[in-house]
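# Got a sequence here, can you build the structure:
(chains A and B)
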Amino acid sequence: MDLAYGAAYAAFRDEVKAFLKANWPSKTTPPGSAAEALAVLPRVERERAFRAKAVEAGYLYRNVPRRYGGSEQAPDVLRADIIREEFNRARAPLEMPGNGVSMLVPTLLERGAEWQRERFVPKTLSGEYQWAQGYSEPGSGSDLASLRTRGELRDGRWVVNGQKIWTSFAYRCQYIFVLVRTEPDRSKHEGISYLLMDLKQPGITIRPLKQMTGQSEFCEVFFDNAVTPADWIVGERGQGWNVSRSTLKHERGFIAGAERQGATFASLVSLARRCTKNGKPAIEDLDVRQRLAAILGYIESFRYSSFRQLSMNLRGQDAGMFNFMTKIAGSNTNQDMAKLARDLLGDDLLLAPPAGQDRDDKQGTRRGNEQWVAQYMSSLALSIAGGTSNIQRNIVAERGLGLPRSV
Amino acid sequence: MNFALSEQQAELQQSLARLVEDTCNIRRVHAVMDGENGFDANLWKKLVEFGAAGTCIHTEYSGLGLEMIDLALIAEVLGYQAAPAPFLGHALAGIALSRAGSPKQKSKWLPKLASGEVLATVALGEGGTVWLPEQWTVPAGKPAGIKSNVPNAMEADLFIVGLAGEELGLVEGNASGVTRTALDAVDRTRRLGEVRFEGASVELLPQGKEQSAALRDASLVLLAADAFGGARRCVDMAVNYAKEREQFGVKIASFQALRHQLANMAIETEPMRGLYWYAAHAFDHIPERAPYAAALAKAHLADRYQQVARDCVEAHGGIGYTWEYDAHIFLKRALFDFAWMGAPAVHRARVADLSGW
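Numbering: from 1, shown residues only, chains lettered A, B, ... in the order given. Got it, this is the predicted structure:
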C-alpha cells in the first residue's frame, strides 16, 4: 500500500502549478505574463480564454478527442486528481459545470453520430451551448421508464408533445436532451428514444418552479407540437433507455465525492468556530466536538474507501458493493452536517436563505450564515435528485447484497 | 498511489478464512463459548502455524516481519469468524516488546511468542474506564495494584503491563506476587481476567515511555479491524437469513422494509473498510497521523459494529435472540470492541483535540 503520488506525479504537480502561475491571475501574478493580460477581462471571457489554454496544455476535457475540442490525454486518474486539487487551490475554473459536459458529451462520444459530435461537442465544452436534461415527468419519477411524453416522426421531423419536470437551469439553456416515447406499441423500456432539441422555439414553454429555498433552479418544460429534425436522435429509435444509462452513471459520480464532503466539513468546522454555545465558541463545546468527530468518521471512511475503489479500478479490479453506495453514503453525510449546522446556527436559523434565481446569482445578497439555512434544505435535494435514497437502497439490496428483485 | 491489497494480502485473508472455517466453524465457537476453556487450543495452534502469533515480529526473531496492515487483515478475518483465540493480547504484547524491549528482552521472548511456545497478553486497563497510558497508576518500582479486563489473563505466560508514568513492564505469569482471577466477561470468545500485583518483580521495557502510545494505537487499530470483520458477518448473516426464511408464503427478502434495513446495514458497514486500512497503514507509514487515524477508526468502527449487530438480531426475529443462534456472539464481541481501551466518546474527544479544533 502506498498513499503517496510518487516522483513522476510530483513533477506533474509542479508543471500544473507553473501553468497556473503563468496563466491564471492571482495576487502574485508576474508582470507581463499571460495571466496579467487575462486579469483585465470580464469574468466570462477570462474563464473562456483560460479554459482554452488549459485544454491546449492537456488539463481539461482529457477524455475528449482533440478534433472535438478536448485535450485527448491517456486516462490517468491520479493526474486528473492533481489537476483538480491545484486548480481548486488557485481558484481557477475547471471544466464547464452542467449537464452538457457531465452527461451529454460522454453520451455523444459513446453513442452519437459523427455529425452530432462535430456539431455539439466543441461548443458544449467551450460553454457556448448549455444543455437541460429532460428525463423526469410529473407521473414518472423513480419509475422513469414509464414516461409518457410522445415523439412522432412526421414530415421528416420529430413532433413532441408532453411535459418534463425538475429540469434544472432550463431557463438559461439553449438545448435539451430528452427522453420521449416514440414506440408506444413496444415494452416500456424499449419504446423510448433519446432526442436533442432546441429549447428556443414556439412549441416549448419553460416555467421555473420555485424551490423551498426560494430559488428557481429547476423548471417545468411543456412541449406542444415542439419539433426537432429527424436525425437529432442519439442511437436508434427505441434505444433511448440504454443510451441514457451511461449518462446516469456520470451523474452519480458528479453528485457524490469525498472532496466535496471534505470541503463542506471544513466549512462546518469554521461555522462551529464562529458560533457560540453557552457563552463560549461552539467548537469548545464537548457535545459539538463529539458530533463533529462522529461525522468525520463517515467522511474519512468514505475518503479512504474511495481511494481503494480508485486503486482497484486502475488495476481492472472490482471494488464490490462500495460501487453502489457512494451516492447514498454521501447524501447521508450531508444530512448529518446539515443537522449539526442547524444546531449551531442559533437565531440565524430564522434567516431566509440567500435570494436570487439560482446558486450562481450573487446579486445584492449578504453571504453569511444564511448559506447554512440553504444547505439545510439543499442537503435534502441530494437525497432525492439523481435517484432517491430509497432507490439507492433498492440498488444496494439487489446489486450489492444479491437479494432477489422485488416489485 | 496504490490503496488496494496486494495479491499476497488478498490470498492471506482468503486462506486464513478457510483455515479458521475448517478448524473452528461457528458450531465449534458455540462449544468453546459454552465450555470452561478460555479459548480453542487447536485453533490457536493452527493460527500459530499460519504465522498469526508473530505477524509483526521481525524475521530476526522468527516472526513474519510484516506490517500492521497485514496484522489488521488477520484481525478482520478473526472478527468475521468470531475466533475464540488469544490473538489480540498476544499480538499486542509482541508489538510492545518489539518496539520497547531491550535487545536482550527481545531475543529472549520474541522467538517464543512467534512460535507460540509462550502465550503473552497485555494488562492495560485498571477498571473504572482507565485504559490510556496517561491514566495508568500501577507504580513501576515494586508494583502493587490491579490491572483489569486483561485478555486471556488466566492462560497467559507473560504480561506486558502498563505502568504509571506511561511506562511498560514485563511480568511472568507464574511470578510470585501475581494473582489472577477470571472475570465473568460478556464476550466468551475473548475472556478477561483481573491481575493483582503485590510486590511482583517487574522488568521495565527500556523504550516503554516512548512506545506506550504506539501500543495504544495498535490496540485501537486491531479493535477497528475486528469490528469491520464482525459487522460484515452480521450483514451476511442477516442477508442469508432473509433469503431462506419464508413468511406469508414468500421469502422475507422480498419485503422492501426489510431489504432497506439490510441495505442500510451494508451502507453503514462497507465504507468503514477504508478507514481501518488507513489507520493500519498510517501506523507504519504516516506516524504523525497514526494517533488520529487509530482513534477515529476505533470510535467509528466500534460504534457502527454494535449498531449493526443489534440490527442483525432484529432482522432475524425471535431466533436471533436465542443463545443457540449465532447473532449474540457478534453482539457481544461488538460490546468488547466498543468498551475495551475506552468507549468511542473517549476517542472522539481525542480526535477533536488532535484535529486542532
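
# Just give me the neighbour total for residue B:195.
For residue B:195, the count of nearby residues is 25 (other Cβ atoms under 10 Å in any protein chain shown). Quick note: C-beta positions are derived from backbone N, CA and C, even for glycine.

# Now do the same contact list for it.
B:123, B:146-148, B:150, B:153, B:159, B:161, B:178-180 (Cβ atoms under 8 Å, 6 or more residues apart in numbering or on different chains).

# show me where the stretch 301-407 of chain A has strands.
Using DSSP state E, counting those that start in this stretch, the stretch 301-407 of chain A contains no strands.

# Is the closest residue to residue A:210 other than its chain neighbours within a helix or a strand, and which one?
Once flanking residues are discounted, residue A:210 sits nearest to residue A:216: 5.2 Å by Cβ to Cβ, 6 or more residues apart in numbering or on different chains. If you go by DSSP states H and E, residue A:216 is not part of any helix or strand.

# Residue A:216 and residue A:171: what is the separation?
With distances taken as Cβ to Cβ, to the nearest Å, residue A:216 is found 8 Å from residue A:171.

# what's the overlap in contacts for these two?
In contact with both residue A:216 and residue A:171: A:208, A:357, using Cβ under 8 Å, 6+ apart.

# In contact with residue B:176, which residues?
Neighbouring residues of residue B:176 by Cβ under 8 Å, 6+ apart: residue B:200.

# low-scoring stretches of chain B, by residue?
Scanning chain B for pLDDT under 70 picks out the ranges B:1.

# what about the helices in it?
Secondary structure of chain B by DSSP state H: the helices cover B:7-23, B:26-34, B:41-50, B:68-81, B:87-100, B:103-115, B:208-244, B:256-269, B:272-285, B:290-316, B:327-339, B:344-354.

# Rebuild those as JSON lines, extending it with distance to residue A:32.
Shown next, in JSON lines, are the helices of chain B (distance: least, Cβ to Cβ, whole Å):
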{"stretch": "helix B:7-23", "distance to residue A:32": "54"}
{"stretch": "helix B:26-34", "distance to residue A:32": "74"}
{"stretch": "helix B:41-50", "distance to residue A:32": "67"}
{"stretch": "helix B:68-81", "distance to residue A:32": "51"}
{"stretch": "helix B:87-100", "distance to residue A:32": "57"}
{"stretch": "helix B:103-115", "distance to residue A:32": "64"}
{"stretch": "helix B:208-244", "distance to residue A:32": "53"}
{"stretch": "helix B:256-269", "distance to residue A:32": "54"}
{"stretch": "helix B:272-285", "distance to residue A:32": "44"}
{"stretch": "helix B:290-316", "distance to residue A:32": "45"}
{"stretch": "helix B:327-339", "distance to residue A:32": "62"}
{"stretch": "helix B:344-354", "distance to residue A:32": "46"}
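
# of all the ones you listed, which lies closest to residue A:184?
Closest to residue A:184 of the helices of chain B is helix B:256-269 (Cβ to Cβ; 30.0 Å).

# For chain A, which helix or strand comes out least confident on mean pLDDT?
Lowest on mean pLDDT, DSSP states H and E among the helices and strands of chain A sits helix A:240-255, with a mean of 62.

# tally of neighbours for the nearest residue to residue A:405 once chain neighbours are set aside?
Of all residues not flanking residue A:405 in the chain, residue A:398 sits nearest, at 5.9 Å (Cβ to Cβ, 6+ apart). Residue A:398: 16 surrounding residues under other Cβ under 10 Å.

# pretty sure residue A:398 contacts residue A:391?
No - using Cβ atoms under 8 Å, residue A:398 makes no contact with residue A:391, being 10.7 Å away.

# and residue 30, what does it touch?
I went with chain A, as the question did not name one. Residue A:30 touches A:21-22, A:36, counting by Cβ under 8 Å, 6+ apart.

# my bad, the chain I had in mind was chain B
Contacts of residue B:30 (Cβ under 8 Å, 6+ apart): B:324, B:326, B:329.

# same check, this time on residue A:219
A:132, A:165, A:167-171, A:206-209.

# Buried ones from the residues you listed, can you make that a ChimeraX selection?
Selecting only the buried entries of the contacts of residue A:219 in ChimeraX, with 16 or more other Cβ atoms under 10 Å in any protein chain shown as the criterion:
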select /A:132,165,167,168,169,170,171,206,208
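
# filter the contacts of residue A:219 down to the ones close to chain B.
Counting by Cβ under 8 Å from any Cβ of the partner chain, nothing from those sits close to chain B.

# could I get the contacts of residue A:219 as a markdown table with pLDDT and secondary structure?
Conversion of those to a markdown table gives the following (pLDDT from 0 to 100; DSSP: H, G, I helix; E, B strand; the rest coil):
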| residue | pLDDT | secondary structure |
| --- | --- | --- |
| A:132 | 97 | strand |
| A:165 | 96 | strand |
| A:167 | 93 | strand |
| A:168 | 91 | strand |
| A:169 | 93 | coil |
| A:170 | 94 | helix |
| A:171 | 94 | helix |
| A:206 | 97 | strand |
| A:207 | 96 | strand |
| A:208 | 94 | strand |
| A:209 | 94 | coil |
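
# got the contacts of residue A:219 as CSV, with distance to residue A:99 columns?
CSV is the format used below for these (distance: Cβ to Cβ, whole Å):
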residue, distance to residue A:99
A:132, 7
A:165, 15
A:167, 10
A:168, 7
A:169, 8
A:170, 10
A:171, 14
A:206, 15
A:207, 19
A:208, 16
A:209, 17
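
# For the closest residue to residue B:85 other than its chain neighbours, give me its contacts.
Of all residues not flanking residue B:85 in the chain, residue B:44 sits nearest, at 4.9 Å (Cβ to Cβ, 6+ apart). Residues in contact with residue B:44 (Cβ under 8 Å, 6+ apart) are B:85-86, B:116.

# ok, which stretches of chain A are helices?
For chain A, helices defined by DSSP H occupy the ranges A:7-23, A:34-39, A:43-56, A:77-89, A:99, A:105-111, A:114-126, A:240-255, A:258-274, A:286-314, A:326-345, A:370-382, A:389-395.

# right, so of those, which gets closest to chain B?
Chain B lies closest, by Cβ to the nearest Cβ, to one member of the helices of chain A: helix A:286-314, at 3.0 Å.

# how's chain A carved up into domains?
A:7-95, A:128-240, A:256-400 (automatic domain parsing).

# Please report the number of neighbouring residues for residue B:226.
Neighbour count for residue B:226, taken as other Cβ under 10 Å: 32.

# and what of the one 5 residues further on?
Counted with other Cβ under 10 Å, the burial measure for residue B:231 works out to 33 neighbours.

# now residue A:68
When neighbours are counted by other Cβ under 10 Å, residue A:68 registers 20.

# Skip the chain neighbours and tell me the closest residue to it.
In this structure, residue A:68 finds its nearest non-sequential neighbour in residue A:121, 4.0 Å apart by Cβ to Cβ, 6+ apart.

# can I assume that neighbour is in contact with residue A:110?
No - counting by Cβ under 8 Å, residue A:110 is not a contact partner of residue A:121; they are 11.8 Å apart.

# more crowded one of these two?
Using other Cβ under 10 Å as the criterion, residue A:121 and residue A:110 rank with residue A:121 on top: 25 against 12.
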